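Visitor: Have a look at this fold, sequence not included:
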C-alpha cells in the first residue's frame, strides 16, 4: 500500500513537472534580461502574463505590462509585442507617452505575428436590423435614443455608406447669396455673420421634405474654388425658398457665389438611394441596402473612437517618445464628429485631425501597416517629430487626407518637425468627407523625403508642400519629392489645384522623377506641377506629366524656380501657364518637351514675365497649329525666348497611349534633354503590392466620364 502511494505521488509530481516546465521556460525566455517578447491575442486577457499560452488582450494591456515590468525590474532591453491575427475592438485610443518609448539599442516594437493580420477597430458593430415594408433596414440604437450618441460615418460590409443626401447625383445650384454682418471683427474675414442662400423653385423642391424635428441635424456642403463649406442650417423659409445659416463670414477671396454648387444631407426625405443611411433624432437608424445585401449576414459598423493611436511626447521638457515601431498592423473605423459649427473653408482640410496623431515623436515608424475607413486624415506627424518613417503602408478609404507633416503654424527649435521619410506607400481614395484634403501635406516642415509612393483618387491635390503665401520666411525647405506616381486627382469637384502644389520659399526643395497624370479641376486649374504664391528656389526636373486640364505646369508667382528636363503632354486647354509679373527672375524653363493635340502651347503673362526659356521641344500630334499665347512660334521667338528651341517630333514609342519611352534618342539630344528612367517610379516589391496600387477599372472609367462631361461645358 505504501509503495502504491509513493508511486502515485511520484506520478503526480512528474505530471506537474511536465506541465510546468514549458511555461517556466517560456516565462524565463520572455523576461530574459537582454530582451523581452510578449504576446497579444483576440482571446487574451489583460490580466494574463503575456506569454504565448497566456496572451494579453489589447495594445493598452501590452503597454501597461511593459511599463510595470520596466518599473519593477529595471528592464532596459528591447521589447517586441507579437500580436496574433484577428479583430480587436478598441475601447479607447492607444496612447504612448515618453515612458513608453525605447532607445536605438532597445526599441519597442508592436508587430503582427508571422503571416497574421491583426485589425484594430475603433467602431461599434450594430446588429438586429429589421426590414420594413419599403425594403429599408431599421435598427433602434439605444445609445442614440437614450444618450444622443450621433455618428457621422457608417460602414456596411466593408464599404463606406452614404449619408442621405440630395440630390443623389450632381448638385443643386444657388440662385443668390447674401451675407449680413453680426460681428465684424478686425480681420479680413468677418467674425460672425449670417448667410442667406436663395433658390429657384426647381432647386428648392429638394428641401421641401425636411421636417421641423430634424432641422437641427440638416447640413449643406457648398463647393467653391479650392474649398468647400459645411454648415448646419438655422431655418428654412419655404415661402421665399431661402436657407438661413450662420458662422464665420465668407472669405472675400473665396466666397460662395450665385450659381454655386451645393448639396444637402442628413434628413429622412433624402434617404432614397441604395447605400444611403440616416439616423433620425429618436435614435432609429435606416439603411437602404445595396443589391445582394441581407441584414442577417451584414457587418454594419459605426465608428466610435475619434482617434485610434496617439503618441504624446513632451518635447518642451526634452522627453519625446522615441524608438517605437508599428509593423504589420491594421487600424480602421475612426470617427470624425462634425462640429456644431460645421466645417469652415480651410485649404487642404488642415484644421481637422488624424486617426493616428503624433507629437514629440522621434524614430516612431510605421512599416507594412494599414489605415482605412476614417472620417479624417489617416496619419499626422505634428509638432516636434523627427527621423521617422512610414514605409510600405496602405492608407485608403479616408474621410480626409493621407499623411500630414508638420504644423500649420511655424514652430521653433525641437518643435519644428523634420526628417520624416514616406517611402513605397499606397495612399488612395481620400477626401471622401472633406474633399479639400490631400494625399501628402507638408506644412511647416523640412528635410523630408517623399519617394516611390502611389497617390491617387483624391479630389484636391496629391502632394502639397509649404504653408506661407508670399515671400515671408518659410520652414518648408529641402524637401525631396521623388519617384512618386500621382494620378486621378480632382474629379472636376474643386478648382485651383494640382498633383504637386507648392507654396512659399522652399530653398533646396526638389520635385523630380515623378509620373503625374489625369488631373482635372472643375473650372480653372487642374495642373500637374503648380508653383503657387511665393513658391521660390524649387527645382522641378525629370517629371512626366500628362492628361491634365489646364497645363502640365503653372506658376502663379514665385522666384528663381527651375523647370527643366520634363515631359508635358496632352493637356486639354493649355500646356503651360504663368500669371503674375514681378521684377525678379520668376523661373527658368529649359530642356522640356511639350507634346499635345489640342489647346494652346502657352497661356498667360509669358511676354512680360522675367524668365529664361530655351532649348525646349514642341510637337503637335493633332495638326500644324502652335499657339504661343496668341503668337506663332516664329513671332514668339522674336520676343527673345526659345531661340534654340525646336518644333520637332520627340519620337515617343506611343505617346497617345501613354508610352513615353523613346524610339530613339537622337531628336531629344538636340535640346540637351537627358532621358530619365520611367520604370523606376511608384511602388515596388512583391507583385501583389504593385498590383494593389492599381485603381479598379470602374474608377478609371468614371474619372474619364467625369472629365468628358466637364469639358462639354467649357
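Guide: In hand now; what should we look at? Because the structure is a prediction, the values reported are computed rather than measured.
Visitor: what is the residue nearest to residue 561 when sequence neighbours are not counted paired to in the beta sheet?
Guide: Distances taken as Cβ to Cβ, 6 or more residues apart in numbering put residue 587 closest to residue 561, at 4.0 Å, once the chain neighbours are dropped. To be clear about C-beta, it is placed using only N, CA and C from the backbone, and glycine gets the same treatment. Beta-bridge partners recorded for residue 587 (DSSP bridges): residue 561, residue 611.
Visitor: Residue 587 - how many residues pack around it?
Guide: By the criterion of other Cβ atoms under 10 Å, residue 587 has 26 neighbours.
Visitor: what does residue 181 give?
Guide: Under the neighbour criterion other Cβ under 10 Å, residue 181 is assigned a count of 12.
Visitor: what ranges do the strands span in the stretch 601-714 of the chain?
Guide: 611-614, 617-620, 646-647, 652-654, 659-662 (DSSP state E, counting those that start in this stretch).
Visitor: thought residue 34 was touching residue 75?
Guide: No. Contact criterion Cβ atoms under 8 Å: residue 34 and residue 75 do not qualify, at 9.7 Å.
Visitor: More neighbours: which of the two?
Guide: Shown here are residue 34 and residue 75; by other Cβ under 10 Å, residue 75 has more neighbours (18 against 9).
Visitor: and the closest residue in space to that one that isn't next to it in sequence, how many residues sit next to it?
Guide: Excluding its sequence neighbours, the residue lying closest to residue 75 (Cβ to Cβ, 6+ apart) is residue 69, at 5.5 Å. When neighbours are counted by other Cβ under 10 Å, residue 69 registers 17.
Visitor: quick one, phi/psi of residue 69?
Guide: Residue 69 adopts backbone torsions of phi -70, psi -40, taken as degrees, to the nearest 10.
Visitor: ditto for the one 10 residues further on
Guide: Phi and psi for residue 79, reported as degrees, to the nearest 10, are phi -130, psi 130.
Visitor: where does it sit relative to residue 112, distance-wise?
Guide: From residue 79 over to residue 112 the distance is 15 Å, taken as Cβ to Cβ, to the nearest Å.
Visitor: Any regions of the chain where pLDDT drops low?
Guide: When residues are selected by pLDDT under 70, those of the chain lie in 1-33.
Visitor: what's the domain layout of it?
Guide: Structural domains annotated on the chain: 2-84, 123-164+271-301, 172-269, 494-683, as defined by automatic domain parsing.
Visitor: Please identify the deepest-packed of those domains.
Guide: Ranked by average neighbour count under the criterion mean count of other Cβ atoms under 10 Å, the domains of the chain are headed by domain 494-683 at a mean of 20.
Visitor: quick one on the thing from earlier: do I have it right that the residue nearest to residue 75 meets residue 77?
Guide: No. Under the criterion of Cβ under 8 Å, residue 69 makes no contact with residue 77, lying 10.4 Å away.
Visitor: shared neighbours, the two?
Guide: Counting by Cβ atoms under 8 Å, 6 or more residues apart in numbering, the residues touching both residue 69 and residue 77 are residue 36.
Visitor: How about the residue nearest the centre of the chain: what's its closest non-neighbour residue?
Guide: With distances taken as Cα atoms, centre = their mean, residue 401 lies nearest the centre of the chain, 1.9 Å away. Spatially, and ignoring its direct neighbours in sequence, residue 401 is nearest to residue 437 (3.6 Å; Cβ to Cβ, 6+ apart).
Visitor: And the helices in this structure, which stretches?
Guide: Remark: helices assigned in the chain by DSSP state H are 2-30, 59-73, 142-147, 201-204, 633-638, 666-669, 687-692, 697-713.
Visitor: If residue 417 is in a bridge, with which residues?
Guide: As for beta bridges, residue 417 partners with residue 445 under DSSP bridges.
Visitor: picking up where we left off before, can you put the domains of the chain in TSV and add distance to residue 387?
Guide: As requested, those are exported to TSV (distance: least, Cβ to Cβ, whole Å):
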stretch	distance to residue 387
domain 2-84	18
domain 123-164+271-301	33
domain 172-269	33
domain 494-683	18
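Visitor: Those: which one's closest to residue 325?
Guide: Smallest distance to residue 325 across these (Cβ to Cβ): 9.5 Å, for domain 2-84.
Visitor: List the contacts of residue 129.
Guide: Counting by Cβ under 8 Å, 6+ apart, residue 129 touches 137-139, 287, 295, 298, 300.
Visitor: Am I right that residue 342 is in contact with residue 234?
Guide: No. With contact defined as Cβ under 8 Å, residue 342 and residue 234 do not form a contacting pair (11.5 Å).
Visitor: so how many other residues sit close to residue 708?
Guide: Residue 708 has 10 nearby residues by other Cβ under 10 Å.
Visitor: ok, residue 74 to residue 97 distance?
Guide: Noted for residue 74: a distance of 19 Å to residue 97, by Cβ to Cβ.
Visitor: My error: substitute residue 326 in the last question.
Guide: Per Cβ to Cβ, residue 326 is found 16 Å from residue 97.
Visitor: the more surrounded of those two?
Guide: Counted by other Cβ under 10 Å, residue 326 and residue 97 do not tie: residue 326 has more neighbours, with 25 against 16.
Visitor: My guess is that one contacts residue 367. True?
Guide: Yes. Between residue 326 and residue 367 there is a contact at 7.2 Å, judged by Cβ under 8 Å.
Visitor: Now find how far off-centre stretch 184-197 is within its chain.
Guide: 30 Å (Cα atoms, centre = their mean, to the nearest Å).
Visitor: If you could redo that for stretch 375-385, that was the one I meant.
Guide: For stretch 375-385 - counting by Cα atoms, centre = their mean - the centre lies 10 Å from the chain centre.
Visitor: now for that stretch, what's the gap between its first and last residues?
Guide: Using Cα to Cα, to the nearest Å, one end of stretch 375-385 lies 24 Å from the other.
Visitor: Over to stretch 308-316?
Guide: 24 Å.
Visitor: before we move on, the earlier item: contacts only, for the residue nearest to the centre of the chain.
Guide: Counting by Cβ under 8 Å, 6+ apart, residue 401 touches 348-349, 377-378, 430-431, 434, 437-441, 458.
Visitor: and what of residue 636?
Guide: Applying Cβ under 8 Å, 6+ apart to residue 636 gives the contacts 602, 628-629, 642.
Visitor: now the residues you listed as CSV including distance to residue 206?
Guide: Conversion of the contacts of residue 636 to CSV gives the following (distance: Cβ to Cβ, whole Å):
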residue, distance to residue 206
602, 43
628, 47
629, 43
642, 53
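Visitor: these two touch, right, residue 150 and residue 337?
Guide: Yes. Contact status for residue 150 versus residue 337: in contact at 7.4 Å, counting by Cβ under 8 Å.
Visitor: So for residue 243, what's the nearest residue that isn't a sequence neighbour?
Guide: With Cβ to Cβ, 6+ apart as the criterion, residue 243 has its nearest non-adjacent residue at 4.5 Å, and that residue is residue 197.
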